[in-house]
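A.B. asks: Please work out how this folds:
(chains A and B)
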Amino acid sequence: MSLALVGDLSLALLILGLAVWTIGARGAYGAVVGFVAYGLLVALVWVRLAAVDVALTEAALGSGLMGLLLLRAAARLPHDPAPPAAGRAGRLALRVLVGLACAALAAGLAAVVLLLPEPAPSLAAAAGAALPATGLGNPVAGVLLAYRAIDTLLEAVVLVLALIGLWSLAADDAWGGRPGALRIGQPGPALVLLAQLLPPLGILVGIHLAWTGANHPGGAFQGAAVLAAMWAIVMVAGLSPPPRVDRRAVRLVLVVGAALFFAIGIGGVWWADAFLAYPADWAKPLILAIEAALTLSLAAALGLLLAGPPAVDPDPVAAGRAGVRS
Amino acid sequence: MSLALDLLTIVAVSLGAVFFLAGTLGLLRFPDTLTRLHALTKADNLGLGLVVLGLLPQVDWPLGALKLSAVWLLALLAGATVGQLLGAAVRPPPPVARVAGVAEESHP
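C.D. replies: Prediction:
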């Protein structure tokens, strides 16, 4: 058995063990911590499978930002909900049902993967062959921004819709105000120092990730996640409050990515021959412009998702504090 | 020269691994949060530092070395901050600090 196989096997066992631990964890907070660690380990698996783009996405979005959102949700839940004596059998049945459904799903996925013909059907060669026409060097970016641009466009729109959904949870008297979920009572000096030291570097890394995505692993979503994380640190440390959600500039930044993408896509009907097609000589600059605008919009949307719904200004929201303190 | 550098790599990375092992043991065995925090940050600071030091001769100069060093410095920053935050969270502030406005419950 080679050394690499030993490493991979232990990684797989560790992930399975952590998954079981996360499901069995007693408190929501412990389960979220397990989930975040699980996501980071899954990112390592993607690296081992040479899918660095997916690994970056998993680490930044699946584990990092999702983890923060889940932490906030866990902090809002009552700490020890007294289990109602009645309905115990019903809840057990529900758990068994959920477990069975998950097992069936896992078995189905395993069957699909294991029953693939040899060699597995793949469009990788075709994707690579057409890549020079886009001027990109990273086939993943080619898929995301050229071959399947409609998916990426819709993802950008979905994020804005998710933010609208979140904002609609605001109380009537809080509408239009500043998001309040990341407010904590008194950020300590260590947190403030981190919020001053880290963002310059993090913003550089975020822009680098977005820029390098054209030719290397990275891209708008990964870069935007890092930028949003930096913004969240600044907001948590209280260095700069989140913007009021009724500001026009905020809303413009939120939609500029999807709007530019859509406009260039419609332009493709005339300049190229189809919606979301790029004219041959202009593919690379157009894609770069879309990537830049998308990164800005996605970073704003992700940061505002983390910041939560608008809240009444003066009172510190207990949820945000509990999320950091518990 | 190359042999000496390889030896440095082996020794430093092994030493780093020992620190990680000791840190993990401490994390599991120490009695309370503050001492566990000590074990954890020791593994991060010294263990990762030694691993990075050991890997420096094996990467391209200077970009790879800079990236590795940046990883270590960022881990140091994160470890120090998390240590402070967790320490403050598990330890009630002294009465003097409460007056000075460091206390969590004081009005913003």
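A.B. asks: how about B:Ala12, what does it touch?
C.D. replies: By Cβ atoms under 8 Å, 6 or more residues apart in numbering or on different chains, the contact list for B:Ala12 reads B:Leu50, B:Val51, B:Leu53, B:Gly54. C-beta coordinates here come from the backbone N, C-alpha and C atoms, glycine included.
A.B. asks: so where do the helices sit in chain B?
C.D. replies: B:2-29, B:33-42, B:48-55, B:63-90, B:95-100 (DSSP state H).
A.B. asks: which sections of chain B are below the confidence cut-off?
C.D. replies: B:1, B:93-108 (pLDDT under 70).
A.B. asks: Ignoring the adjacent residues along the chain, who's closest to the residue of it found nearest chain A?
C.D. replies: Nearest residue of chain B to chain A: B:Gln84, at 3.3 Å (Cβ to the nearest Cβ). In space, and not counting its chain neighbours, B:Gln84 is closest to A:Ala190: 3.3 Å by Cβ to Cβ, 6 or more residues apart in numbering or on different chains.
A.B. asks: isn't that neighbour right up against B:Thr81?
C.D. replies: Yes: under the contact definition of Cβ atoms under 8 Å, A:Ala190 touches B:Thr81, with a separation of 5.0 Å.
A.B. asks: Any chance of the helices of chain B in CSV with distance to A:Gly128 as columns?
C.D. replies: Below are the helices of chain B laid out as CSV (distance: least, Cβ to Cβ, whole Å):
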stretch, distance to A:Gly128
helix B:2-29, 36
helix B:33-42, 44
helix B:48-55, 32
helix B:63-90, 27
helix B:95-100, 61
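A.B. asks: looking at these, which is buried most?
C.D. replies: Of all the helices of chain B, helix B:48-55 has the most neighbours on average by mean count of other Cβ atoms under 10 Å in any protein chain shown, namely a mean of 20.
A.B. asks: and it, what does it pack onto?
C.D. replies: Helix B:48-55 sits against helix B:2-29, helix B:63-90, with contacts defined as 3 or more Cβ pairs under 8 Å, 6 or more residues apart in numbering or on different chains; DSSP states H and E.
A.B. asks: a markdown table please, covering those helices and showing distance to A:Ala170.
C.D. replies: Formatted as a markdown table, the helices and strands packed on helix B:48-55 follow (distance: least, Cβ to Cβ, whole Å):
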| stretch | distance to A:Ala170 |
| --- | --- |
| helix B:2-29 | 41 |
| helix B:63-90 | 29 |
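A.B. asks: Looking at the ones you listed, spot the one closest to A:Ala75.
C.D. replies: helix B:63-90 (13.2 Å; Cβ to Cβ).
A.B. asks: Does the residue of chain A found nearest chain B lie in a helix or a strand, and which?
C.D. replies: In chain A, the residue that lies nearest chain B is A:Ala190 (3.3 Å; Cβ to the nearest Cβ). For A:Ala190, the enclosing helix or strand under DSSP states H and E is helix A:189-212.
A.B. asks: Would you mind getting the angle between that helix and helix B:63-90?
C.D. replies: Orientation of helix A:189-212 against helix B:63-90 (axes from the mean of the first three to the mean of the last three Cα atoms, to 10 degrees) gives an angle of 140 degrees.
A.B. asks: For helix A:189-212, name the packing helices and strands.
C.D. replies: Counting by 3+ Cβ pairs under 8 Å, 6+ apart, helix A:189-212 packs on helix A:220-236, helix A:283-307, helix B:63-90.
A.B. asks: Please repeat the previous calculation with a cut-off of 7 Å.
C.D. replies: helix A:220-236, helix B:63-90 (3 or more Cβ pairs under 7 Å, 6 or more residues apart in numbering or on different chains; DSSP states H and E).
A.B. asks: Now A:Ala25. Nearest residue, chain neighbours left out?
C.D. replies: In space, A:Ala25 is closest to A:Ala31, 4.0 Å off (Cβ to Cβ, 6+ apart).
A.B. asks: quick one, helices of the stretch 101-250 of chain A?
C.D. replies: Secondary structure of the stretch 101-250 of chain A, counting by DSSP state H, counting those that start in this stretch: helices at A:124-129, A:131-134, A:139-142, A:149-167, A:189-212, A:220-236, A:248-271.
A.B. asks: how many other residues sit next to the closest residue to A:Ala28 other than its chain neighbours?
C.D. replies: Spatial nearest neighbour of A:Ala28, chain neighbours left out: A:Ala74 (3.9 Å); criterion: Cβ to Cβ, 6+ apart. Counted with other Cβ atoms under 10 Å in any protein chain shown, residues neighbouring A:Ala74 total 20.
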